[in-house]
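Visitor: what shape does this take:
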Amino acid sequence: MITQKALHKARVLTFWEKHGLDATLDAFKVKRRALFNWKRQLAEGNGKPEALNDKSRAPRTKRKRLWPQEVIAEIKRQRFIHPNLGKEKIYPALKAHCDKLVIHCPKPKTIGRLIKDLGGLRIAPQKVSHFGKARPVKRRKILRKPKDFKVQYPGHLVAFDTIEKHIHGLRRYVITFEDIYTRFSFAWSTTSHASLAAKEFFDYCCKVFPFPFVFVLTDNGSEFAKHFSKELKRLHLTHYHTYPKTPKMNSHLERFNRTIQDEFVDYHTGDLIETDIFNRKLIDWLIWYNTERPHYAFKNKLSPVQFMISLENQPLKLSEECKIGWPHTFI
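Guide: Residues are numbered from 1 along each chain as shown. I've put the predicted structure just below:
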């Protein structure tokens, strides 16, 4: 890789060959010694501009931390007994050990530096393969939604989530769906938290929503693994996950979860015992929500279905709230 500074040096050397030394010194304000050093570096690098990149200026010999061998051995022992134990957690046990031996104990920050000097002392979990060999367990790589991702059309990004309710000692689950662009939403109650129930709900959403899906966003719940994930792979859909304990990455659906609980679920909790009865009433509410209830994303002028219909024609001019006098002003 050629840095911008190396390219500048190459231009200066080219100017030197063409116009001479005096003109170069006046034009670029560089020292004569620096020009000859650059020329020598370029010659040693066989004329490649990469040879003009700045070299590392780190000292060749660095100071080393010198601590008693008893301290180092105790840190190693603690990390071996308790894999990947942090420096703050090691400090109390190490302090007691050092007090017993009447030696100075390093502070937590120094313990962290000593662990780094010792190569990290990280022990990876292992499993035995069918060949009888111990192999490190590799963490499954999870695809996260890019921070600069923006929805551009219906079905570009759809989100799924689950609401859990407790009624008379029973657990009931309401799986929710929302298309981020049109705000079209759907929900369904189940008695199971398994991935098969989420997969069946996904099939319902594919039939209810009139546009194909491209990207799917969920949290890291177990209901969105196995059968659910397998179905997305079969349909060649990209499955994005939110970061752990970061509901704001799925903020639109989290807001719908609040709405459906405030306006429907909390008033029909008794019906959740029989999910069939609850779902029949829920469908009627969802039809009203998607077809008649105005949505804040559309300035409280259109429902999700009305917005979807408006996409067939030219976009409607929605009124925006005025900050000065009149409550709404058409733009």
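Visitor: quick one, helices of this protein?
Guide: Under the criterion DSSP state H, the chain carries helices at the ranges 4-19, 21-28, 32-44, 69-81, 87-101, 108-117, 195-208, 227-234, 251-263, 275-291, 304-310.
Visitor: got TSV for these, with distance to residue 164, mean pLDDT and mean neighbour count too?
Guide: From N, CA and C alone the C-beta is placed, and that goes for glycine too. What follows is the helices of the chain, written out as TSV (distance: least, C-beta to C-beta, whole Å; pLDDT from 0 to 100; neighbours: other C-beta atoms under 10 Å):
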stretch	distance to residue 164	mean pLDDT	mean neighbour count
helix 4-19	55	91	14
helix 21-28	69	90	13
helix 32-44	66	91	13
helix 69-81	38	95	15
helix 87-101	33	95	15
helix 108-117	39	95	16
helix 195-208	13	96	17
helix 227-234	17	96	16
helix 251-263	11	96	17
helix 275-291	14	97	16
helix 304-310	25	94	18
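Visitor: could you dump those helices into TSV and include distance to residue 242?
Guide: Shown next, in TSV, are the helices of the chain (distance: least, C-beta to C-beta, whole Å):
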stretch	distance to residue 242
helix 4-19	38
helix 21-28	52
helix 32-44	50
helix 69-81	32
helix 87-101	28
helix 108-117	30
helix 195-208	15
helix 227-234	15
helix 251-263	10
helix 275-291	24
helix 304-310	23
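Visitor: which among these is found nearest to residue 52?
Guide: Closest of these to residue 52 is helix 4-19, at 3.9 Å (criterion: C-beta to C-beta).
Visitor: can I get the closest one in PDB? Just the C-alpha atoms.
Guide: Listed next in PDB are the C-alpha coordinates belonging to helix 4-19 (Å, rounded to 0.1, in the frame of the first residue of the first chain):
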ATOM      1  CA  GLN A   4      -0.200   9.800   0.300                       C
ATOM      2  CA  LYS A   5       3.100  10.900   1.900                       C
ATOM      3  CA  ALA A   6       5.000   8.400  -0.200                       C
ATOM      4  CA  LEU A   7       3.300   9.700  -3.300                       C
ATOM      5  CA  HIS A   8       4.300  13.200  -2.400                       C
ATOM      6  CA  LYS A   9       7.900  12.100  -2.000                       C
ATOM      7  CA  ALA A  10       7.900  10.500  -5.400                       C
ATOM      8  CA  ARG A  11       6.500  13.700  -7.000                       C
ATOM      9  CA  VAL A  12       9.300  15.700  -5.300                       C
ATOM     10  CA  LEU A  13      12.000  13.300  -6.600                       C
ATOM     11  CA  THR A  14      10.500  13.500 -10.100                       C
ATOM     12  CA  PHE A  15      10.500  17.300 -10.000                       C
ATOM     13  CA  TRP A  16      14.200  17.100  -8.800                       C
ATOM     14  CA  GLU A  17      15.200  15.000 -11.800                       C
ATOM     15  CA  LYS A  18      13.400  17.400 -14.200                       C
ATOM     16  CA  HIS A  19      14.200  20.900 -12.800                       C
END
